[in-house]
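In: Sequence plus predicted model, see below.
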Amino acid sequence: MIDIVITGSNGLIGESLSSYFTKNKLNVANLDLELGHDLENECFVKDWFAENPAKSLINAFAINDHVNSIREGNNFLYTPLENFKRVMDVNLTALFSVCRQFIFNNKSGSIVNFSSIYGTVSPDPKLYGENEKDIAYGISKAGVIQLSRHLAVHAAPNFRVNSIVLGGIKYQQNPDFISSYSNKVPLGRMGNLSEISGLVEYLISEKSSYCTGAMFTLDGGWTAV
């Protein structure tokens, strides 16, 4: 049996988690669009999970408008509805499909879904200026929290479902953004990829056997202010 299924395994977080758990000698199955796995395709999702029983599911796939040098301006007043729907289709509808098929095809297990601080608070306009953070991203990440709660209640007691509310992770952002972001964090910095795996490992282990339906915030204190 597969120990861990990681969706979005070729992304920033997924790749880090896949590497960590593989190094720890666990049987990891990687799912990613770059690998030919279309998680928006319900038939594919149904077939894959029917053929691949697993102990744990870590969902790290999502559409996110990362801060980088080529990031375009955005304004909620002018966001095309097609773009809004696209984010919802991937970040919520496909996520629900994947979680549902994991539960349907296994007798027990643990699911970890990634939300964001922007699923609990609004992005600070001072950080993004004219390049407003995509409104659909935060709304979808709020939905991830509620989806995880619903599944935790209705798939209990055999399945545990938790969400990680993640703050900003340092990765190729420009120095001004890193500095401005860090000034708002009580710990005075952005997070590191290496700081995620320990919490995920805890949540899929028996050490967290009484944890379900919970939000685990990993943001350096951002949302505590």
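Out: That came through, no problem. On a predicted model such as this, the values are computed, not experimentally measured, just so you know.
In: mind listing the helices for this protein?
Out: Taking DSSP state H to define them, one finds helices in the chain at 12-23, 42-51, 81-88, 95-104, 125-128, 135-154, 175-182, 197-203.
In: Check which residues of the helix or strand of the chain with the lowest mean pLDDT are buried.
Out: Lowest by mean pLDDT, DSSP states H and E among the helices and strands of the chain is helix 125-128, with a mean of 93. Of the residues in helix 125-128, 127-128 count as buried by neighbour count, 16 or more other CB atoms under 10 Å. The C-beta positions use only the backbone N, C-alpha and C, and glycine is treated the same way.
In: How about stretch 24-33?
Out: 26, 28-33.
In: And the contacts of stretch 77-84?
Out: 134-136 (CB atoms under 8 Å, 6 or more residues apart in numbering).
In: least confident pick among the residues you listed?
Out: Taking pLDDT as the measure, the contacts of stretch 77-84 have their low point at Asp134 (92).
In: re the thing from before, looking at the contacts of stretch 77-84, state which has the most neighbours.
Out: Counting neighbours by other CB atoms under 10 Å, Ala136 leads the contacts of stretch 77-84 with 23 neighbours.
In: Would you confirm that that residue contacts Val87?
Out: Yes: assessed by CB atoms under 8 Å, Ala136 is found in contact with Val87 at 3.8 Å.
In: For the chain, which residues score under the pLDDT cut-off?
Out: Regions of the chain meeting the criterion pLDDT under 70 cover residues 67-73.
In: Now with 90, please.
Out: Scanning the chain for pLDDT under 90 picks out the ranges 65-75, 78-79, 129-131.
In: Please report the distance of the spatially most central residue of the chain from Ser16.
Out: The C-alpha lying nearest the average C-alpha coordinate of the chain belongs to Phe114 (CA atoms, centre = their mean; 2.5 Å). Per CB to CB, to the nearest Å, Phe114 is found 12 Å from Ser16.
In: Could you do Gly198 as well?
Out: Distance, Gly198 to Ser16, by CB to CB: 12 Å.
In: In terms of neighbours, single out the busier of those two.
Out: Ser16 (21 against 11).
In: residue contacts, the closest residue to the more buried one other than its chain neighbours?
Out: Closest residue to Ser16 apart from its sequence neighbours, by CB to CB, 6 or more residues apart in numbering: Leu193 at 4.4 Å. When contacts are counted by CB under 8 Å, 6+ apart, Leu193 touches 12-13, 16, 169, 171.
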